[in-house]
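K.L.:
Here you go, sequence then predicted model.
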Amino acid sequence: MLHEHVIVMSVDTPPVPRVPDSDRVTVDHLDDSDDGIFYLSARFGYMERPDVPHALRLVDPGQTEGPIDVDHASYFVSNVDLVAGSEPTMAPWRKRLFIATSYIGADPAAHFGLPLDQTVIIGARIEI
């Protein structure tokens, strides 16, 4: 199944405190303007909390072959889980400390302002 609109999105933080809404999003059609697949880049200043649904509402419907139904969208977010491996890449206590600090980070869905009941978190496991 392919959704009507598929948006691959990146969130960037330029070295400015705030980004005006007029400069917030850019859309790339990925060399085909009729397939419903777009690449969207959203920029939020370092003093702002990223709000992906708000950024999607700023997109001109003429750039995406029609309006984006943000209220009924499905969001897919990646999450990386770190585990200690047997390779001597660093001291064991440093591995444990590095892994412990990785859990301090915010939940990606909450950090980007995504509705939890519409978000699928896809994980990967990396051995350090």
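P.N.:
In hand now; what should we look at?
K.L.:
Wasn't T101 part of a helix?
P.N.:
Yes: the assignment for T101 by DSSP: H, G, I helix; E, B strand; the rest coil puts it in a helix.
K.L.:
okay, now it: neighbour count?
P.N.:
A count of neighbours around T101, defined by other Cβ atoms under 10 Å, yields 10. All C-beta atoms are positioned from the backbone trio N, CA, C, and that covers glycine.
K.L.:
same question, A55
P.N.:
Using other Cβ under 10 Å: A55 sits among 23 other residues.
K.L.:
wait, it sits on R24?
P.N.:
Yes: the pair A55 / R24 is scored as a contact, 5.7 Å apart, by Cβ atoms under 8 Å.
K.L.:
Identify the contacts common to the two.
P.N.:
42, 44 (Cβ atoms under 8 Å, 6 or more residues apart in numbering).
K.L.:
So, low pLDDT: which residues of this protein?
P.N.:
Counting by pLDDT under 70, the chain has low-confidence residues at 1-2, 33, 106.
K.L.:
try it again with 90
P.N.:
The model of the chain has pLDDT under 90 over residues 1-7, 28-38, 60-69, 78-92, 95-96, 98-111, 121-128.
K.L.:
residues making contact with stretch 70-90?
P.N.:
3, 52-53, 56-57, 92, 95-96, 98-99, 102, 108-109, 112, 114-115, 118-128.
K.L.:
Please indicate which of the residues you listed are buried?
P.N.:
52-53, 56, 95, 109, 112, 114, 119 (16 or more other Cβ atoms under 10 Å).
K.L.:
May I see the residues you listed organised as TSV, with secondary structure added?
P.N.:
Shown next, in TSV, are those (three-state DSSP):
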residue	secondary structure
V52	helix
P53	helix
L56	helix
K95	helix
A109	helix
F112	coil
L114	coil
T119	strand
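K.L.:
With respect to F38, which of those is nearest?
P.N.:
Distance to F38, by Cβ to Cβ, is smallest for L56 among these, at 10.7 Å.
K.L.:
Contact partners for that closest one?
P.N.:
7, 25, 40, 68, 70, 73.
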